[in-house]
Structure formats: structure tokens, C-alpha cells
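> sequence and predicted structure are below.
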Amino acid sequence: MTKTNFYRGGQTCLFLMLILILGHLTFLGSNVKVNAQNFLPPPPPTFDNKIGNEEKVIPNSKQYSSQFQPPKIDVITKELRQGKNVIRISVTSEAQINYCKIKYFKQDATLKTVDCVKDHGMTYKGLIDAKPPYQILEVHARDVYGDSASSVKRLNVFPQLPIQDQIWNLLSGLMASMRSIV
């Protein structure tokens, strides 16, 4: 047996041992059971000045002597379709917004709260699940100085189009855009 064959044989042996050990660990890990009842659920979101355990509001002191107006909320989305919808909201404020939430009731009468995500500029968006005939949204926003505003909006929810109509509308739109290119 030459030196290179011995070296390759040693590499193969190490490789096979590594695979055997990893396979054994994977088998052992698949039999581990976790009892999820022993874990406490996370606390529900609060709408006071504290988010979690730390204060997110900058106190209005002499350093920030000017008083800012509370944020102004405008729901940009005017109508919804049955199912998942992206709600667009305009939140204008002189100060930076650090808190934006949308609350709505689901069909089973449970209150659902979703976070708003900054889209661009003063526009925020959130994802909700809407059911006909209408959906009532409550939007909360707060700036870094603690000034907050709320807005309630009722939006009509239209039934979802049949899948054939959705496909036809998509193909029609694609054909129209292709004609405008040519």
C-alpha cells in the first residue's frame, strides 16, 4: 500500500465516521419531545406609553422646547377584497413616528392587532384579513414625544372574484402592457 492510498483510506474512514456520528445525532434529536405547556405565552400588546419593558417616549424637556402637534392619520386604502389585504395609511407628524398599530375584528369576533410597517415617506402599511360586507379599522399612531392619535374607518369589503376572472384580468393586463411596449 502506497502512502497516498493510505492517506485516502484515512480520509475515507474519517468521512464515514463523521457521517455516522451526524446520523446518530440526527436520530437522537428527532426523538426529543418538547412540552409546550410549560412555556408561558407572550403578554398581549399594550397601548400605553410603554412598549415591552422599556420606555420608548422621549420626555419633553428643555432640550425639546417646541411642542409638536399629534400625528394625523389618513387611511389611503378605500375598499377591500375578501381575504388578505394590504392597508395603506398616511401618518403625518412633525416628529418621528415610533408606534403604529391597526386593530380590527375578525369574523369570529376576536380582536386582532397588527403592526404597521413604514413603506416610504409618511406611508405605512399593514396586512389584515377582511370578510364581507365591511371591516372597521382602528389605527393608532404615536410619535417619539408621546403625542398620539387614533382614527376609526369603515371600509366596504367586496367578495373575491372567481379564479377564472382573476386569471382573465391578469392576462388582459399583461396583453395591454405588451401592446403598449410594441
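Done, it's in. The shown structure was predicted, so the numbers you read here are calculated from the model rather than taken from an experiment.
> which parts of this structure are helices?
3-30, 163-181 (DSSP state H).
> ok, of these, where does mean pLDDT dip lowest?
Across these, helix 3-30 has the smallest mean pLDDT, namely a mean of 61.
> where does the chain dip in pLDDT?
By pLDDT under 70, the low-scoring segments of the chain are 1-10, 13-14, 16, 18, 20, 22-66.
> can we see that at 50?
4, 6, 34, 36, 49-55, 60-65 (pLDDT under 50).
> relative to Tyr99, how far out is the closest residue to Phe105 other than its chain neighbours?
Excluding its sequence neighbours, the residue lying closest to Phe105 (C-beta to C-beta, 6 or more residues apart in numbering) is Leu111, at 5.9 Å. Bear in mind the C-beta positions are built from the backbone N, C-alpha and C, glycine included. Distance, Leu111 to Tyr99, by C-beta to C-beta, to the nearest Å: 18 Å.
> okay, those two: which has more neighbours?
Tyr99 (20 against 10; other C-beta atoms under 10 Å).
> now the more buried one: closest residue in space that isn't a chain neighbour?
Closest to Tyr99 by C-beta to C-beta, 6+ apart is Arg142, at 4.1 Å.
> just give me the neighbour total for the one you found.
25.
> tell me the contacts of it?
By C-beta atoms under 8 Å, 6 or more residues apart in numbering, Arg142 lies in contact with 57, 71, 97-100, 148-149.
> ok, what's across the strand from the closest residue to Ala95 other than its chain neighbours?
Spatial nearest neighbour of Ala95, excluding adjacent residues (C-beta to C-beta, 6+ apart): Asp143 at 3.9 Å. With DSSP bridges applied, Asp143 shows beta-bridge pairing to Ile97.
> from Lys78, how far off is Lys153?
9 Å.
> oh, I was asking about Glu94
Noted for Glu94: a distance of 27 Å to Lys78, by C-beta to C-beta.
> of the two, who's got more company?
Shown here are Glu94 and Lys78; by other C-beta under 10 Å, Glu94 has more neighbours (13 against 9).
> and the more buried one, backbone torsions?
Main-chain torsions, Glu94, degrees, to the nearest 10: phi -70, psi -30.
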